[in-house]
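J.: build me a structure from this.
(2 chains)
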Number of protein chains: 2
Amino acid sequence: MIGASADTSKLGGRFVSILLSFGYKGKIYPVNPHESQILGLKTYARVGDIPEPVDLATISIPARSVPRAVEECLAKGIKAVQVVTSGFKERSEEGQKLEEQVRKTAARGIRVIGPNCFGVYSPSGNLTFMPGADLPKESGSVAFICQSGGISYRVAGRGSGLGIRFSRVVSFGNACDVNESDLLEYLKEDPETKIITAYIEGVKDGPRFLRLLQETTKTKPVIIWKGGLSQSGARAARTHSASLGGKEAIWDAIFKQTGAIRVNSIDELLDTTIAFVHLAPHRGRRVSVVGGGGGVIVTGADTCERVGLSVPPFPTELQKKLLAVLPPQGTSAPNPVDMGTPSPPPDAFKTVLETVFIEGGIDAVIVDTIHMSMLPSGFRNGDEEYKSTLKETAQIPVDIKKRLGKPMMMVLPIGSTGADTLELESARRSASDYYLSQGIPVFLTLERAAKALVNLVGYYEHRDAISSSDTSS
Amino acid sequence: MIGASADTSKLGGRFVSILLSFGYKGKIYPVNPHESQILGLKTYARVGDIPEPVDLATISIPARSVPRAVEECLAKGIKAVQVVTSGFKERSEEGQKLEEQVRKTAARGIRVIGPNCFGVYSPSGNLTFMPGADLPKESGSVAFICQSGGISYRVAGRGSGLGIRFSRVVSFGNACDVNESDLLEYLKEDPETKIITAYIEGVKDGPRFLRLLQETTKTKPVIIWKGGLSQSGARAARTHSASLGGKEAIWDAIFKQTGAIRVNSIDELLDTTIAFVHLAPHRGRRVSVVGGGGGVIVTGADTCERVGLSVPPFPTELQKKLLAVLPPQGTSAPNPVDMGTPSPPPDAFKTVLETVFIEGGIDAVIVDTIHMSMLPSGFRNGDEEYKSTLKETAQIPVDIKKRLGKPMMMVLPIGSTGADTLELESARRSASDYYLSQGIPVFLTLERAAKALVNLVGYYEHRDAISSSDTSS
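T.: The predicted structure is shown next:
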């Protein structure tokens, strides 16, 4: 830890304490010429003074001193370094020269992540990055590579809150040495990683990146949020990660050719990831929307079609069968299915869901109905019987999913965002956590669920098309 | 209250108790042949038995008995009735006949809202609709007319949570008599209503609706969420409110010709309403995005351009002035402005925001920075000094808005949706409530803020174009 400090209000100080509290199991060597001990750890004046071999260095000293520190790491035989410090190519001509020096040192035998980054979060190596003390220690199947420190932490933090577990999150900043292609090449073969996600501002070697994407998407989905494609976004990307944003048309072609999945926001990135985490490989765009309340159902069907799904009509016989178990008023089942109320009777809900899955001739079901958050009066004033009915209803999708194993998505909208309705949000979040823990993906709006499903299906469609053209050629 | 019941688990019972708890100041006459008293109110066997004149009847008895009840209301001299009951045209041929009978009675001198609806919420008349016991008693400037009961309650409930106050919310269901055009004509002249919003599945009289829209948008914005435009959505609309959904191309033309604002979800409807409530009439699409964190800023600028705003570059001199007050690292100001951290030093934040407003040559500022929700460790572990700095920072936009009165929008994203991070969401909501109470519109994502601004500006652009063509002709 070059630039370690006893002052935890400083970057270098915080980093040591974060790593300690995250439970890093290896040895930590703080390096700081002005201290002999930091947070109980023996501290060295220079990297060369450390008596044992070192695997990874983290550098958080001012930019002008970074090139020499990287040189010293190379001399010490350290294989990799992450440079957290900013103020390089993204800032000034002087910074650009410093970055060029670092790049030249790297070329002589040490890999450099950064500068201007947060570094690596890798739970199986009990390693976390800059502000990541509170990230899960449990490893998972999702990798995220990111040119923005802030976004890497947002995705890791919010994703973790949604039950996503990460294999690696790499904040790689200006990418003076290790770049998006290197990381993609690594993740393609990484056995822990099944789903690759990325936030990219600029690409260093276009043809290599394109080739790697084409190879990688054959076995793993790659979800990319591309920043800096607008004029003002490109301007900001130059001063952020010293990246050239690229052209919209070129990126359109890249996504089309490679089957990489394009997303446009952190929400869409996380939604799509959640769909891949929980749904089995899955083709087909025919869905049924099952909900309670006519308007929700009408606009739900509209939304599905608008984003590229189909909501095929049910045969009259099937409609009759569904209506037979539903209340006589305010219900309908042409597909979409309106159960008439956001809290349908458990028996009716169960029969409807089973019947739609087994006889509906559809590929997936989007359930938009158990709205604890939509039932404020019921939730607040409901008696025990009412609550137990709600609970029974809530369990039904889980049982059916286990039994039939079909793709099911759940919409649990935020009922109200006021500070006085936190109790309802608490109930909603508990329900959301529960469904996610049972392998049912949850989304805040039907639009987001539908979009995530389209992204998932689009990926497998591309994979099928590629593999059949591979076979035929 | 025809169909009133002592059993509050029934529709008719709940309705009486809701109206009582909402504080209805007029007289309530329950009508039920099997009871003599309901919730302490003298109950009548038939409407004709009520000894005094009655202004409005609400009917919640089974569909087959509704036509006769409406006849009795007409005979009693009641001017208006709302039929909550469903099971009419939307359900069956028999229901269609019943609805036709009601329509014919209405034509003889009584106005009917519904059937298949929740009725009217009108705080200045201390009247609320079916599930609306907990809606605000305070009146406001926003009207919402809606063919879906569920959506009318969602919009009223969630909107209220966001500080929107309504003049009237009318759930009008199948519109057998009072329809969207009648309501629009009323709201156009209603002095309480300044902003008109609507969820519409079908339109009874196209030419009249078009003419009224054209007239109304000259003085009041009309925000419309149109349901039932997809094949499956149209199918669902027929069984929901007995509406014909219409054709996409026709509705495109309607929106274009009239300047009515098209929205595609409840979120967009509420976001756009909030923009109109808090921002003065406003032209110009040039914005500055001011935030903390490079990735947020890059993608924020991308998003603004994608939805139709522009983020014009700042002159070099202005950039230098802004950078002079910001920390030397991780910041940039080409427009967008990256303050380097989500919690910038108060002085720097103040100077940046003022300078951008006064010298930036822009029409509005989107602030994406004070993320209590993005700072979990700071929020949880911060000392008093840190908290007071956060508080000082949070006050700055409010002061500047008061002093300079320029359009400012605030993005306060949800930091995490996990059940274990409710404390952060509580802080976020308090901040959101506070800014809304100070007249600064708040949005959950930058994309939603940008979209709301485009909707607002688009409306005033249309109004300008119309008024200049009126003058020139």
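J.: so which bits of the stretch 101-250 of chain A are right by chain B?
T.: Residues of the stretch 101-250 of chain A lying near chain B by Cβ under 8 Å from any Cβ of the partner chain: A:116, A:131, A:133-134, A:146-151, A:154, A:157-158, A:160-162, A:199, A:201, A:225, A:227-233, A:235-241. Just so you know, the C-beta spots here come from the backbone N, C-alpha and C atoms, and that holds for glycine as well.
J.: let's see it at 7 Å
T.: Counting by Cβ under 7 Å from any Cβ of the partner chain, the stretch 101-250 of chain A comes close to chain B at A:131, A:133-134, A:148, A:150-151, A:154, A:157-158, A:161-162, A:199, A:201, A:227-233, A:235-237, A:239-241.
J.: is whichever residue of the stretch 201-350 of chain A sits closest to chain B part of a helix or strand, or is it coil?
T.: Across the stretch 201-350 of chain A, no residue is closer to chain B than A:Gly295, which sits at 2.6 Å (Cβ to the nearest Cβ). Counting by DSSP: H, G, I helix; E, B strand; the rest coil, the backbone at A:Gly295 sits in helix.
J.: if I look at it, what pLDDT would I see?
T.: A:Gly295 is assigned a predicted lDDT (pLDDT) of 89.
J.: for it, which non-adjacent residue is spatially closest?
T.: Nearest non-adjacent residue to A:Gly295, counting by Cβ to Cβ, 6 or more residues apart in numbering or on different chains: B:Ser148, 2.6 Å away.
J.: ok, the one you found - contacts?
T.: B:Ser148 makes contact with A:Gly293, A:Gly294, A:Gly295, B:Tyr199 under the criterion Cβ atoms under 7 Å, 6 or more residues apart in numbering or on different chains.
J.: among the residues you listed, which pair sits farthest apart?
T.: Within those, A:Gly293 and B:Tyr199 form the most distant pair, 11.8 Å apart (Cβ to Cβ).
J.: how much space between the nearest residue to A:Asp55 once chain neighbours are set aside and A:Glu180?
T.: Spatial nearest neighbour of A:Asp55, excluding adjacent residues (Cβ to Cβ, 6+ apart): A:Lys79 at 6.5 Å. Distance, A:Lys79 to A:Glu180, using Cβ to Cβ, to the nearest Å: 20 Å.
J.: which one's more surrounded, the two?
T.: Higher neighbour count among A:Lys79 and A:Glu180: A:Glu180, with 27 against 14, using other Cβ atoms under 10 Å in any protein chain shown.
J.: wait, the more buried one touches A:Leu210, no?
T.: No: in this structure, A:Glu180 is not within contact of A:Leu210 by Cβ atoms under 7 Å, at 11.4 Å.
J.: mind checking how far stretch A:32-40 is from the chain centre?
T.: With Cα atoms, centre = their mean, to the nearest Å as the basis, stretch A:32-40 stands 37 Å off its chain's centre.
J.: now stretch A:453-466
T.: In terms of Cα atoms, centre = their mean, the centre of stretch A:453-466 is set 18 Å apart from its chain centre.
J.: what lies in contact with it?
T.: Outside stretch A:453-466, the residues within contact range by Cβ under 7 Å, 6+ apart are A:217-218, A:221, A:259, A:261, A:272, A:275-276, A:279, A:281-285, A:307-309, A:364, A:409.
J.: buried residues in it, which are they?
T.: A:Leu453, A:Val454, A:Asn455, A:Leu456, A:Val457, A:Gly458, A:Tyr459, A:His462, A:Arg463, A:Ile466 (16 or more other Cβ atoms under 10 Å in any protein chain shown).
J.: now do stretch A:29-47
T.: Buried residues in stretch A:29-47, counted by 16+ other Cβ under 10 Å: A:Tyr29, A:Pro30, A:Val31, A:Asn32, A:Glu35, A:Ile38, A:Leu39, A:Leu41, A:Thr43, A:Tyr44, A:Val47.
J.: what is the rounded mean pLDDT of stretch A:400-420?
T.: The pLDDT scores in stretch A:400-420 average 86.
J.: from the opening residue of that stretch to its closing one, how far?
T.: Counting by Cα to Cα, to the nearest Å, you get 35 Å between the two ends of stretch A:400-420.
J.: kindly report the residues of the stretch 301-450 of chain A close to chain B.
T.: When proximity is defined as Cβ under 7 Å from any Cβ, the stretch 301-450 of chain A approaches chain B at A:301-302, A:305-306, A:311, A:313, A:328-330, A:332, A:334-336, A:338, A:374, A:376-377, A:415-419, A:421-422, A:425-426, A:429-430, A:432-433, A:445, A:447.
J.: restricted to strands, list these.
T.: A:Asp338 (DSSP state E).
J.: among the residues of the stretch 301-450 of chain A next to chain B, the buried ones, what's the PyMOL command?
T.: Remark: buried members of these, expressed as a PyMOL selection using 16+ other Cβ under 10 Å:
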select buried, chain A and resi 301+302+305+306+311+329+330+332+334+335+336+338+374+376+415+416+417+418+419+421+422+425+426+429+432+433+445+447
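J.: returning to what we had before: turn the contacts of B:Ser148 into TSV, including distance to A:Ile250.
T.: Below are the contacts of B:Ser148 laid out as TSV (distance: Cβ to Cβ, whole Å):
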residue	distance to A:Ile250
A:Gly293	44
A:Gly294	45
A:Gly295	42
B:Tyr199	41
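J.: ok so, going back, for the residue of the stretch 201-350 of chain A closest to chain B, give me its contacts.
T.: Applying Cβ under 7 Å, 6+ apart, the residues near A:Gly295 are B:Ser148, B:Gly150, B:Ile151, B:Tyr199, B:Gly227.
J.: which pair of those spans the longest distance?
T.: For the contacts of A:Gly295, the farthest-apart pair by Cβ to Cβ is B:Gly150 and B:Gly227; their separation is 11.6 Å.
J.: give me the phi and psi for A:Ser416.
T.: Main-chain dihedrals, A:Ser416, degrees, to the nearest 10: phi -160, psi 140.
J.: my guess is it meets B:Gly159, correct?
T.: No: assessed by Cβ under 7 Å, A:Ser416 is found out of contact with B:Gly159, at 9.4 Å.
J.: give me the local confidence score for A:Leu74.
T.: 98.
J.: assumed it was part of a helix.
T.: Yes: A:Leu74 sits within a helix when classified using three-state DSSP.
J.: any figure for the gap between it and chain B?
T.: Using Cβ to the nearest Cβ, to the nearest Å, A:Leu74 is found at 25 Å from chain B.
J.: pull up the gap between that residue and B:Gly259, please.
T.: Noted for A:Leu74: a distance of 65 Å to B:Gly259, by Cβ to Cβ.
J.: more neighbours, these two?
T.: More crowded of A:Leu74 and B:Gly259, by other Cβ under 10 Å: B:Gly259, with 21 against 18.
J.: show me the contacts for that one.
T.: Contacts for B:Gly259 (Cβ under 7 Å, 6+ apart) come out as B:Thr217, B:Tyr459, B:His462, B:Arg463, B:Ile466.
J.: which two from the residues you listed end up farthest apart in space?
T.: Using Cβ to Cβ, these span at most 10.8 Å, a distance reached by B:Tyr459 and B:Ile466.
J.: what sits against the residue lying closest to A:Glu138 once chain neighbours are set aside?
T.: Once flanking residues are discounted, A:Glu138 sits nearest to A:Arg165: 5.4 Å by Cβ to Cβ, 6+ apart. Residues in contact with A:Arg165 (Cβ under 7 Å, 6+ apart) are A:Pro136, A:Glu138, A:Ser139, A:Gly140, A:Val142.
J.: measure A:Arg165 to A:Ser141 for me?
T.: As defined by Cβ to Cβ, A:Arg165 lies at a distance of 7 Å from A:Ser141.
J.: go on, A:Ala175?
T.: Going from A:Ala175 to A:Ser141 by Cβ to Cβ gives 24 Å.
J.: quick one: the spatially closest residue to A:Ile396 that is not a sequence neighbour and A:Val398, what's the gap?
T.: Distances taken as Cβ to Cβ, 6+ apart place A:Lys350 nearest to A:Ile396, at 4.9 Å, with adjacent residues excluded. Using Cβ to Cβ, we find A:Lys350 at a distance of 11 Å from A:Val398.
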